[in-house]
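1. This is the structure alone, sequence omitted:
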């Protein structure tokens with residue numbers, strides 16, 4: 001079995017890419033499983049931390065030059081290696097900033113690809129088929145390299161392996177419609193050539209993937225007619241010279257038009273392969289999908305439609321699939337389990353004997369996620385094959401009872417009043433155990449209630465929807481209209497609950513909530529029930545900011561003097577960002593709603609375009625509140641108590657930066673924003689000055705770190721530390 005989890009965008013693709021070219025050369029592993037190296041089909045090399053979706057470093061060749069093969073990480077030295085303009089090697093480290101000043105060596109022949117190995121020297125594959133280890137090449141960059149390939153023979157794909165601490169390089173070539181395979185060994189230096197053959201006119205291999213196991217390389221080729229062939233390459237062939245390599249048909253994809261143009265294949269674990277650019281069935285038309293197939297049973301295990309079209313590029317690294325489509329590079333975590341015919345038949349028998357209609361609905365709804373086990377944990381009630389023990393029979397019985405109760409609830413709430421809906425759902429929400437089936441049942445019930453609420457304006461079970469949101473088992477992907485219905489009904493309490501408990505709210509919906517919260521008047525929120533946790537200690541509108549200062553000095557450090565003035569600030573300095581007499585521009589309930597927005601998850605690249613929909617007045621009001629919130633968070637010790645759901649300093653400043661990026665031109669032209677921008681400017685100068693003063697004690701801190709800590713004597717001791 002295999003699963004595809006909810007994906008996320010790692011980065012956007014370079015502007016101006018064509019339909020045939022995504023703008024990426026390749027993706028290579030980084031220092032650990034959470035880092036990857038992304039090489040653009042131009043001048044850039046960027047290292048990303050995948051979990052944070054942020055770049056850690058980026059380097060670019062100067063104008064007129066180009067990086068011509070994917071950059072790799074040297075596993076032994078920790079250096080990055082790339083090729084510029086086909087013949088110039090570039091080697092650098094993380095701390096290097098200027099790409100033009102890093103090490104370079106000009107080679108005598110053009111390079112096709114560099115392959116990195118975890119505990120060995122990288123291998124350099126030249127365009128004419130020669131292979132060298134990097135250290136040997138750096139010792140004599142201008143050494144002559146042999147031409148292995150014949151005229152007009154071109155390298156299409158390559159991969160490297162490590163067998164018994166010895167590196168191997170496998171690459172395929174094409175000439176006049178014929179395909180060849182080369183296996184290069186370096187110790188001893190032996191080259192084996194194989195003829196793959198052709199599949200007829202117009203049919204050619206468009207994707208390769210290979211694995212090494214038991215001293216044999218398994219190569220899988222995806223052909224343009226949708227056929228996936230399997231070839232076995234022995235590491236110790238008996239014959240010499242060019243050999244014909246037989247292939248066996250592994251599976252046939254349901255290609256509707258008979259020809260694939262842009263597709264790629266990657267080998268996964270436990271007899272599974274991933275294919276992008278090929279449809280999961282003949283009825284899907286010209287839409288592009290990423291699919292995981294079981295090669296043992298030729299069955300589709302998981303699929304996901306990719307918007308914007310694909311480019312036939314697919315990479316696999318550390319349990320994640322990287323695929324380019326549209327204008328983005330998407331990361332999709334996956335999981336593969338070993339499949340057996342007995343397990344498949346056993347599950348089919350269970351479903352038929354239980355006759356659970358809801359199980360069918362679950363099977364047809366792969367987009368509903370179990371957020372408590374995402375992305376790689378085992379489901380809470382996963383059925384295992386083997387002996388039918390007493391505990392397993394109880395588990396099957398409880399699941400059947402749960403599914404039956406869900407179906408019964410769906411029947412009971414059809415066409416009844418709001419009060420009757422509450423009566424029906426109360427026992428279900430109170431007694432049902434927490435499980436993946438429970439989560440799916442809640443999502444199905446929520447969707448039915450949303451459909452009825454949208455069709456019937458007089459039906460809106462507010463308390464029931466709030467209870468469903470508070471379970472923490474729903475998500476935006478399982479019931480997409482939930483939050484938008486709350487905004488449509490001006491149910492700000494339900495909207496707040498969704499922001500608290502939904503982990504996958506998209507950026508357009510987040511901005512819609514922000515716009516609604518900024519637009520509503522404080523008077524309209526008087527009768528609205530809102531969770532005030534985290535803002536109960538804040539002041540209302542028009543009240544001055546007075547609180548306990550927790551080691552924070554609000555003095556602006558703008559003077560030329562290096563000494564910080566220790567005199568307390570005057571309360572009438574209203575123009576200062578850090579003025580303790582600053583007033584809150586919104587009420588407590590609106591503060592609670594805005595705090596949920598500030599603490600929400602988002603991606604900057606997707607959020608910025610939607611922030612531009614805010615009006616100038618809304619942006620100014622939000623910036624004033626962020627200004628107040630920052631000063632309060634800096635100076636009030638109570639906001640730092642555990643348990644309070646208050647925004648952090650980093651979250652506040654991130655939103656200030658986002659608003660300025662989205663509306664800077666408008667704010668500069670707005671007269672009412674002049675004072676606010678001036679306060680922001682003073683604040684930045686103050687922060688720069690503060691960090692400058694902190695830098696002066698760097699030497700003292702270094703001396704403290706060098707002092708060997710003496711062993712403590714008893715429970716209390718007094719020590720004299722001499723720095724100089």
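-> In hand now; what should we look at? Bear in mind that the values here come from a model prediction, so they are computed numbers and not experimental data.

2. Can you get me the start-to-end distance on stretch 270-282?
-> 26 Å (Cα to Cα, to the nearest Å).

3. now the helices: where do they sit in the stretch 251-400 of the chain?
-> Assigned by DSSP state H, counting those that start in this stretch, the helices in the stretch 251-400 of the chain fall at 341-354, 357-363, 390-412.

4. from the middle of its chain, how far away would the helix or strand containing residue 454 be?
-> Applying DSSP states H and E as the criterion places residue 454 in helix 436-455. Counting by Cα atoms, centre = their mean, to the nearest Å, helix 436-455 is centred 27 Å from the centre of its parent chain.

5. Just checking, which helix or strand succeeds it along the chain?
-> Counting by DSSP H and E, the element after helix 436-455 in chain order, helix or strand, is helix 462-470.

6. ok, and for that following helix, which residues are buried?
-> Buried residues in helix 462-470, defined by neighbour count with 16 or more other Cβ atoms under 10 Å: 464, 465, 466, 467, 468, 469. Every residue, glycine included, has its C-beta placed from N, CA and C.

7. Leaving out sequence neighbours, find the closest residue to the second one.
-> Across the structure, with Cβ to Cβ, 6 or more residues apart in numbering as the measure, the residue nearest residue 465 apart from its sequence neighbours is residue 494 (5.8 Å).

8. OK, contacts around residue 161?
-> If you count contacts by Cβ atoms under 8 Å, 6 or more residues apart in numbering, residue 161 has them with 167, 168, 169, 170, 210, 212, 217.

9. got any ranges where the stretch 401-550 of the chain has weak pLDDT?
-> 401-405, 431-437, 534, 536-550 (pLDDT under 70).

10. Tell me where the stretch 551-700 of the chain is predicted with low confidence.
-> Flagging of the stretch 551-700 of the chain using pLDDT under 70 yields the residue ranges 551-581, 635-644.

11. Helices of that one, start to end?
-> 588-598, 604-611, 616-635, 649-669, 674-695, 698-706.

12. out of the ones you listed, nearest to residue 163?
-> Closest approach to residue 163 among the helices of the stretch 551-700 of the chain (Cβ to Cβ): helix 604-611, 42.2 Å.

13. got a list of contacts for that closest one?
-> Here helix 604-611 makes contact (Cβ under 8 Å, 6+ apart) with 9, 12, 506, 507, 508, 510, 511, 658, 659, 661, 662, 663.

14. Hmm, the last one is touching residue 617, no?
-> What that stands for is residue 663. No: using Cβ atoms under 8 Å, residue 663 makes no contact with residue 617, being 11.1 Å away.

15. Tell me which of those two has more neighbours.
-> A count of neighbours by other Cβ atoms under 10 Å puts residue 663 above the other of residue 663 and residue 617, at 22 against 13.

16. what residues are up against that one?
-> By Cβ under 8 Å, 6+ apart, the contact list for residue 663 reads 611, 612, 614, 616, 619.

17. pretty sure residue 317 is touching residue 36, no?
-> Yes: at 6.3 Å, residue 317 and residue 36 qualify as touching, with contact defined as Cβ under 8 Å.

18. Between these two, which contacts overlap?
-> 27, 29.

19. For the two, indicate the residue with more neighbours.
-> A side-by-side neighbour count of residue 317 and residue 36, using other Cβ under 10 Å, places residue 36 first with 24 against 17.

20. Of the contacts of helix 604-611, grab the buried ones for PyMOL.
-> Buried residues within the contacts of helix 604-611, by 16+ other Cβ under 10 Å, are selected in PyMOL with:
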select buried, resi 506+507+510+511+659+662+663
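
21. Tell me which residues are up against stretch 198-206.
-> By Cβ under 8 Å, 6+ apart, the surrounding residues in contact with stretch 198-206 are 156, 172, 174, 177-179, 196, 221-225, 227, 259-264, 312.

22. Compile the buried residues of helix 462-470 into TSV and extend it with columns for distance to residue 489.
-> Output for the buried residues of helix 462-470, formatted as TSV (distance: Cβ to Cβ, whole Å):
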residue	distance to residue 489
464	13
465	9
466	12
467	16
468	15
469	13
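
23. Quickly name whichever of the residues you listed is closest to residue 694.
-> Once Cβ to Cβ is applied, the member of the buried residues of helix 462-470 that ends up nearest residue 694 is residue 469, at 44.1 Å.

24. Surely the closest one is in contact with residue 483?
-> No: if you go by Cβ under 8 Å, residue 469 and residue 483 don't touch, sitting 9.1 Å apart.

25. rewinding a little: what's the most buried one of the helices of the stretch 551-700 of the chain?
-> Neighbour counts (mean count of other Cβ atoms under 10 Å) averaged over each of the helices of the stretch 551-700 of the chain peak at helix 588-598, with a mean of 23.
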